[in-house]
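Asks: Test case, fold it:
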Amino acid sequence: MWRAVVGGVALVALTLTSCSEQQGSTKDFCAQVKKVPAIESVLNRFTESDPAVLKERIEKASSAYQALVDSAPSEISDDVKILVAVVDETLDAAADNPDDQIAAANQLRKAMTKHPDAEKARASVATFAEKNCGIRLDPSLTKPGD
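Replies: As a prediction, this is how the structure comes out:
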């Protein structure tokens, strides 16, 4: 069950909360989107991970996703913030329940109700990344010309 939840969030995470004083750019975003780790890799077998190692992976991922928010150009900034908020919720669920997948999944399910626009944001960011960065973050989106 946890795998399904993480898998669904992984798409969100791959496509993708705070304010930044400087607005990002397409160039910055494209460079940063290549650096963010897939949530699946961060949380892979998290209940079997050493707590210190898991904490370090979560902190590094959180920093990378925050940098993605900071790098986002204005046309997708709000959508990136939504997606990173979902990523943060996912990371928090694992950090709060490092040895209980069911509790983590339940926490994440509850948290997702706070992000009703996550699917729209995911599609927007994935489309932007493919069009402007040449990176296909979401294989479920049709290719241009299909």
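
Asks: only C-alpha atoms for contact and neighbour calcs from this point on.
Replies: Fine.

Asks: Do I have it right that residue 124 meets residue 76?
Replies: Yes - in terms of C-alpha atoms under 8 Å, residue 124 counts as a neighbour of residue 76; the distance is 7.3 Å.

Asks: show me where pLDDT drops low in the chain?
Replies: In the predicted model of the chain, residues 1-22, 141-146 satisfy pLDDT under 70.

Asks: could you pull out the helices for this protein?
Replies: Ranges of helices within the chain are 2-15, 26-33, 39-43, 51-71, 74-96, 101-112, 118-133, based on DSSP state H.

Asks: can you put those helices in a markdown table and add distance to residue 140?
Replies: Converted to a markdown table, the helices of the chain look like this (distance: least, C-alpha to C-alpha, whole Å):
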| stretch | distance to residue 140 |
| --- | --- |
| helix 2-15 | 9 |
| helix 26-33 | 18 |
| helix 39-43 | 17 |
| helix 51-71 | 22 |
| helix 74-96 | 17 |
| helix 101-112 | 21 |
| helix 118-133 | 9 |
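
Asks: any chance of those helices in CSV, plus distance to residue 139 and mean neighbour count?
Replies: Output for the helices of the chain, formatted as CSV (distance: least, C-alpha to C-alpha, whole Å; neighbours: other C-alpha atoms under 10 Å):
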stretch, distance to residue 139, mean neighbour count
helix 2-15, 9, 19
helix 26-33, 16, 18
helix 39-43, 16, 18
helix 51-71, 20, 19
helix 74-96, 17, 21
helix 101-112, 22, 17
helix 118-133, 9, 19
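
Asks: So residue 99 sits against residue 47, correct?
Replies: Yes - using C-alpha under 8 Å, residue 99 makes contact with residue 47 at a distance of 4.4 Å.

Asks: what's residue 117 sitting at in phi/psi?
Replies: Main-chain dihedrals, residue 117, degrees, to the nearest 10: phi -100, psi 10.
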